[in-house]
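>>> Any chance you can model this:
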Amino acid sequence: MSAVLAQPPNPGPAVPPGLGAFADQIIGWLKWGVLVAGVVGILVCAVMIILGRRNRSATAYEGLVGSAWILGGLALASVAAVVVGAFQL
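The predicted model follows:
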């Protein structure tokens with residue numbers, strides 16, 4: 001006869017009373033901030049590329065590298081909830 005070992009309790013995540021709407025509001029503000037920062041960043045990088053076209057290749061290069069970093073940051077922000085959900089306990 002095999003013995004059945006007791007399992008420790010493993011409750012799912014629970015929102016503390018009264019903090020659900022506040023947390024949603026903060027997350028919404030952060031999402032909006034990421035979108036604004038992304039648009040401004042892409043526009044700044046575009047200006048750097050345009051201005052660096054003639055005899056300022058370092059500026060154009062920095063604009064190109066910066067746009068890659070911005071796109072990477074936006075990609076990470078867009079999958080943030082999926083990544084965090086993958087590591088739920």
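>>> give the contact list for the spatially most central residue of the chain.
Ranked by distance to the mean C-alpha position of the chain (CA atoms, centre = their mean), the top residue is Ala77 at 2.0 Å. Neighbour list for Ala77: 31, 34, 38 [criterion: CB atoms under 8 Å, 6 or more residues apart in numbering]. From N, CA and C alone the C-beta is placed, and that goes for glycine too.
>>> at 10 Å instead, please
By CB atoms under 10 Å, 6 or more residues apart in numbering, Ala77 lies in contact with 30-31, 33-35, 37-38.
>>> hmm, which two among the residues you listed are most spread apart?
Greatest spacing in the contacts of Ala77, by CB to CB: Leu30 and Gly38 (12.4 Å).
>>> Which one's more surrounded, these two?
Gly38 (16 against 12; other CB atoms under 10 Å).
>>> and after the strand or helix carrying that one, which helix or strand comes next?
Taking DSSP states H and E as the definition, Gly38 sits inside helix 20-51. In the C-terminal direction, the helix or strand that comes right after helix 20-51 (DSSP H and E) is helix 57-78.
>>> Where does pLDDT dip in this structure?
1-4, 89 (pLDDT under 70).
>>> if I look at Val34, how far off is Gln25?
To Gln25, Val34 is 15 Å away according to CB to CB, to the nearest Å.
>>> who's more crowded, the two?
Using other CB under 10 Å, the more surrounded residue of Val34 and Gln25 is Val34, with 16 against 10.
>>> Quick check: the gap between that one and Ala77.
From Val34 over to Ala77 the distance is 5 Å, taken as CB to CB.
>>> next one: Leu19
Taken as CB to CB, the span from Leu19 to Ala77 is 23 Å.
>>> repeat for Ala37
9 Å.
>>> how about Gly18, phi and psi?
Taking degrees, to the nearest 10, you get phi 90, psi 0 for the backbone angles of Gly18.
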